[in-house]
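In: Sequence first, then the predicted structure:
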Amino acid sequence: MPAVPGRNSSKGSSYSTPATSGVASSSGPVPSDADHAMVRVVDNLFRSLDKLELAVAVHRLFAEDPVSLRTLAHKMLVDRDALSQAQRTAEERVLHWLRSSESAPVTGHMFALTEWLGAAATEDQLIGADPAHPVTVPSLRTPLWRVLVTLMPDRRLQDGWLVVGDLHGLQARTRQLLAQSPPDSDVVELMGELGIRAHSAKAWLEGVPPEAGPGPAASAPGPAQPLPRRTPGANGHHQRGGQP
């Protein structure tokens, strides 16, 4: 069972106290991975892939800015179809690993983490939630937190927020809830109705833009689009303005 938030973990394989202020920055020094079990578990998985599968994982599935198959094939001087097959194999191996007992330190941590993050949390909150998060996974050349986001089935990074579903849809629901509530309502409790945790409520409310006035530029927010899940890397990439 993951540690209850509020207790410190010693090895990074159990959940530690999420930081709510002064969180780590991804631009700071990169810690060593020597004491972080989760990093070792993830690294062992990707070290078992062959050259093409690992290249796809590094440059596409878990990259901040994934390159196209054509570009990667040209760079590696390999056939595009061979690279496409390597991607399918890498995806299958990652999904199989997630269902195995070998991934337990990571999946257990992710369960506790998503409970704490709630429906919306900042990228900095995610990075600062555990000492292992900013540690680079050597084989992937990317920090652990980005790997975790990529593996989350229901969340996407959008404009600095890790959000369940669609960022603009959640903002619209927030405005609607506030408009329908008495002026003296407890806004933290109101945000809880949307799945936004108390430690994220203030930042979320400050970041919700006012509703656009009537005019040709204004449009009602559309329904949230389903997340692509065939590719394990589909959710880990930054999105701006709600668009991939």
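Out: Looks like it arrived, so ask away. On a predicted model such as this, the values are computed, not experimentally measured, just so you know. Residues are numbered from 1 along each chain as shown.
In: Low-confidence stretches in this structure?
Out: In the predicted model of the chain, residues 1-35, 212-244 satisfy pLDDT under 70.
In: Please report how far the residue nearest to residue 145 when sequence neighbours are not counted lies from residue 109.
Out: What sits nearest to residue 145 in space, not counting adjacent residues and going by CB to CB, 6 or more residues apart in numbering, is residue 133, at 3.9 Å. Backbone N, C-alpha and C define where each C-beta goes, glycine included. Distance from residue 133 to residue 109, counting by CB to CB, to the nearest Å: 10 Å.
In: shared neighbours of those two, anything?
Out: Residues touching both residue 133 and residue 109 by CB atoms under 8 Å, 6 or more residues apart in numbering: residue 148.
In: My guess is residue 161 contacts residue 207. True?
Out: Yes: proximity of residue 161 to residue 207 meets the contact threshold set by CB atoms under 8 Å, at 7.4 Å.
In: for the residue nearest to residue 145, helix, strand, or coil?
Out: Classification of residue 133 by DSSP: H, G, I helix; E, B strand; the rest coil places it in coil.
In: so the most centrally placed residue in the chain is in which element?
Out: Centroid check for the chain by CA atoms, centre = their mean gives residue 149 as the closest residue, at 2.3 Å. Following DSSP states H and E, one finds residue 149 within helix 144-151.
In: the strands in the protein, which residues?
Out: Counting by DSSP state E, the chain has strands at residues 120-122, 136-137, 142-143, 155-158, 161-164.
In: Go through the ones you listed and name the closest to residue 198.
Out: Distances from residue 198 to each of the strands of the chain were compared using CB to CB; the shortest belongs to strand 120-122, at 11.6 Å.
In: Okay, now the sheet partners of that closest one, with direction.
Out: strand 161-164 (antiparallel) (DSSP bridges).
In: mind checking how far the partner strand is from the chain centre?
Out: In this view, strand 161-164 has its centroid 8 Å away from the chain centroid, taken as CA atoms, centre = their mean, to the nearest Å.
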